[in-house]
Every structure is written in structure tokens, then in C-alpha cells.
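Peer 1: Would you be able to build a 3D model of this:
(one chain, ligands or ions: 1)
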Amino acid sequence: MQPGNNSIKMLAKSPAGLEEILAGELRELGAKNIELLNRAVAFEGDKKLLYAANYRCRTALRILVPISHFSIETEQDLYTEIKSIRWEDYLGNGNTIAINSTVTSSVFTHSHYVSLRAKDAIVDRFREKTSERPSVDIDNPDFRINVHIYKDEVSVSFDSSGASLHKRGYHVSNAEAPLNEVLAAGMILLSGWDGQSNFIDPMCGSGTLLIEAAMIAMNIPAGEFREEYGFMRWKDFDDELWEEVQNDALEQQRTFEHKIIGSDISEHNLRSAYANLKQASLSKNISLKVSSFQDMTPPEGGGVMITNPPYGERIQVEDIVSLYQDLGDVLKQKYKGYQAWVISSDLMALKKIGLKPMKKYILFNGQLECRFAGFDLYAGSKRARYQTGDENTAPEASGE
Ligand SMILES: C[S@@+](CC[C@H](N)C(=O)[O-])C[C@H]1O[C@@H](n2cnc3c(N)ncnc32)[C@H](O)[C@@H]1O
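Peer 2: All right, here's what the predicted structure looks like:
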């Protein structure tokens, strides 16, 4: 972060349950001093890494650059400390700001109030030093400033991402209850699929899992279709370095030899998937078909199936129990040689699949706590470990 810093301390925010995956992504990009936190990963690196983390991490929601840490006892402390930050070094005249606060504290109870006090402090400082003042623009600010208060500890950060990184730029059409792109990518990476076998989503909706899978398989950067990042409006934005980051990623793209197939019973939802695939220039790499999962047969050769069926929450289904029972039957009959992963918030319905999970993770789809369960459908002589009855006796796997 400006002004001229070689080693920058950064914080990548992630959905709960994906911290280790994100840490792995950052490690691959060369991050140092990685530390796993709750829904975040702290790390260090240079400005090139800041750009690369925004562009390439599939499981990061935002990359923050902390500029100040302090303790507070009173409301006034917050104002005074924020006012003492040299904002004029970062912001130019005429810049707009937006402040986002997260608060777990007895000093403050309302995050909106914290944002207002922080804004007052920044504006007052700026006006005293420059006789100008930044104005607030909630939707499209030049600078997003993040104030995080936990008990009496405050961190103030710049948000280098701008809009959340799940906004990849390819989602032009939504079906019902689409997955967040960061969660979809995290699910694929948790499953261990690396593009070396087929990938199937037989309830693909708007195609999020399929597109994220294709991007993983071909090593297309997460931000390939996105036009803007917060850091591009910073005083120290380095156009050449940004170009270098994009060229490095381009050199690492690869071809994909297997199949990525999506199907959905709803023609309307599949139309959204087509539109999104087209936007991502991936129509040639992914096949789509209108079909119920019951009628769909995966290609031979094995691979990974990942799906996000209705939970009966946001999408009402007539008989949720039969749907999951059918899914279990179809997996046993047609998916030999595959690993199948299902995410759902309906734990009773998940048990109706009637297979013993090899692994289970807790993930959140929006506010809904879900299980992401993986089943190994052995090919050949090894039989899938079918369960009898409803009782799920699987040991809690790593990740839970
Ligand atoms: C939660 S949505 C999937 C959303 C998708 N992951 C996305 O990101 O857009 C569930 C999908 O399952 C589909 N579906 C429901 N019953 C089905 C069935 N029997 N066969 C195939 N698709 C089905 C619905 O049409 C819906 O698109």
C-alpha cells in the first residue's frame, strides 16, 4: 500500500470453512507469513502479490490492507485515532469514500454509527489539512475503507478489491438460488478436483460450478472477466506491474482434455447457464443439456460430480425426501468410478442419499449452514459403501 512499501501486511477475507484452501492459493502465489484466522487469512508480500491475490485467488472475497491498529476505551477514542491517520497521503482531492464497519464490541453496538464517526474523522482531518473534503459514495467509491472492531481492538484497512471478488464478471443471468462464485470454487477445490478427469453438475442451474470448474481446469484467473479493482484507483497504482501480473497468469493457462457437463430439469435455468457460459467464452468447453438428473448418464472414465440440489428453503420442492433418495439411487447405479459431492442445508434429506460420506465439511450458503458431503462410488470390484436405513454412521471427517 502507498506510500512505497516493499513488504505489505494483507488480510484476505474468505467464507467460513475455506480458510485453508485460501491459504494454499496464497502460498502458491508466493505469500509469506501466512496465518489462518476466522474467515480470513493474514499474509505478507509486495505490491505484485496484492494485485495477483485479487486477480487469481478463487476463494478470496476481498483483500484488505490494514493501515492502522489501535485500542479504544470510548467513542471519542475512535474519532481521535482515525483522525490521526495521515489520510491526505492516501486520498486525493475530490476522491470519494465508502466506509464499511464490522463491530463486536461493548464500546459500540451499531456498525452504521461506527462508519459515520469514522467518516466524520476522515472528513474533518482532510478539511483541516487541505481545505477540501472527500465525499461519500456508497455504490462506486474511489476508496473503500474497512473498520473492524473486536472488543476494544480496532483495525482500519483499505479494501484493495472494491466490489467483492465473488463478482467475477461472467454472471449475466441468474437462475433460482445461484451459488456464490467464491463458494462454488471453494467446493471444487475442497473436493480435490484438479481438471484431470470429467466434471459433472446434474442440477447446474445458472452454471456457476461448471464455469468455476472450467476456470480451474484451464487455470483461467478468477478475475479474468472482471474490469475493475479498488487498487486501480489508488494514487500508487502501477499499470505496468498490473500488466505483468496478467501476463504471468496468461502464460500459466493450459488446455483441458476431459469433459465438463451440466444438466438441469429447468429449461429456463439452463438458458441462464448458456448466457453465463457465453459471457465467460466457455461455451465450447462445457456441454449443457435439459434433463432431470434421474435421466442423465455421466460419461465413462470417472471423475467428480458436484451439485447443489434444492434444499427446500429458497426453492420449494414437492417432495424433497424423494429427490435426495433418487439422487442416492442414481449415484449408486450410474456414477461408478466417480466421486460425488453434494451441498445441502437439509441434513435429514442428505441422509436420504443412503451412502456413507467419505468426507464432510461445514460451509455456509449465504446464511444457511450446510454440509458439503463427499461420496466415493468405487468402480469395479470395490463396492460403494451403501448404508441401510436412515442412520448416518459415518465418522465425522476432517473439515468438520
Ligand atoms: C439450488 S439450484 C442450483 C443453482 C446452481 N448451483 C447455480 O449456481 O445457479 C437447484 C437446481 O436444481 C434443479 N433441479 C431440481 N430438481 C431437479 C431434477 N430432478 N433434475 C435436474 N435438476 C433439478 C433446479 O431446476 C435448480 O436449477
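Peer 1: Low-confidence bits of the stretch 101-250 of the chain, can you list those?
Peer 2: Low-confidence segments of the stretch 101-250 of the chain (pLDDT under 70): none present.
Peer 1: what number of residues lie near residue 154?
Peer 2: Using other CB atoms under 10 Å, residue 154 is surrounded by 25 other residues. For glycine as for every other residue, the C-beta is placed from the backbone atoms N, C-alpha and C.
Peer 1: Residues touching the strand or helix carrying it, excluding its own?
Peer 2: If you go by DSSP states H and E, residue 154 is part of strand 153-159. For strand 153-159, contacts defined as CB atoms under 8 Å, 6 or more residues apart in numbering pick out 1, 11, 62-72, 78, 81-82, 85, 90, 100, 118, 143-148, 230, 234.
Peer 1: Counting neighbours, which bits of that strand end up buried?
Peer 2: Residues of strand 153-159 classed as buried: 154, 155, 156, 157, 158, 159 (neighbour count, 16 or more other CB atoms under 10 Å).
Peer 1: Output the set of residues of the stretch 101-250 of the chain in proximity to the ligand.
Peer 2: Residues of the stretch 101-250 of the chain lying close to the ligand by CB under 6 Å from any ligand atom are 175, 176, 177, 178, 179, 202, 203, 204, 205, 206, 208, 209.
Peer 1: follow-up on the earlier one: with distance to residue 354 as new columns, can the buried residues of strand 153-159 be given to me in CSV?
Peer 2: CSV is the format used below for the buried residues of strand 153-159 (distance: CB to CB, whole Å):
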residue, distance to residue 354
154, 51
155, 47
156, 51
157, 47
158, 50
159, 45
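Peer 1: Quick check: residue 276 is in a helix.
Peer 2: Yes - counting by DSSP: H, G, I helix; E, B strand; the rest coil, residue 276 is part of a helix.
Peer 1: so what's it up against?
Peer 2: By CB under 8 Å, 6+ apart, residue 276 lies in contact with 170, 171, 172, 173, 206, 207, 208, 211.
Peer 1: same thing with residue 296?
Peer 2: Shown in contact with residue 296 (CB under 8 Å, 6+ apart): 202, 263, 289.
Peer 1: neighbouring strands for the strand or helix carrying the second one, and are they parallel or not?
Peer 2: Spelled out, it's residue 263. Taking DSSP H and E as the criterion, residue 263 maps to strand 260-264. On the basis of DSSP bridges, the sheet neighbours of strand 260-264 come out as strand 198-201 (parallel), strand 286-290 (parallel).
Peer 1: In JSON lines: the ones you listed, plus mean neighbour count.
Peer 2: Formatted as JSON lines, the strands paired with strand 260-264 follow (neighbours: other CB atoms under 10 Å):
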{"stretch": "strand 198-201", "mean neighbour count": "26"}
{"stretch": "strand 286-290", "mean neighbour count": "17"}
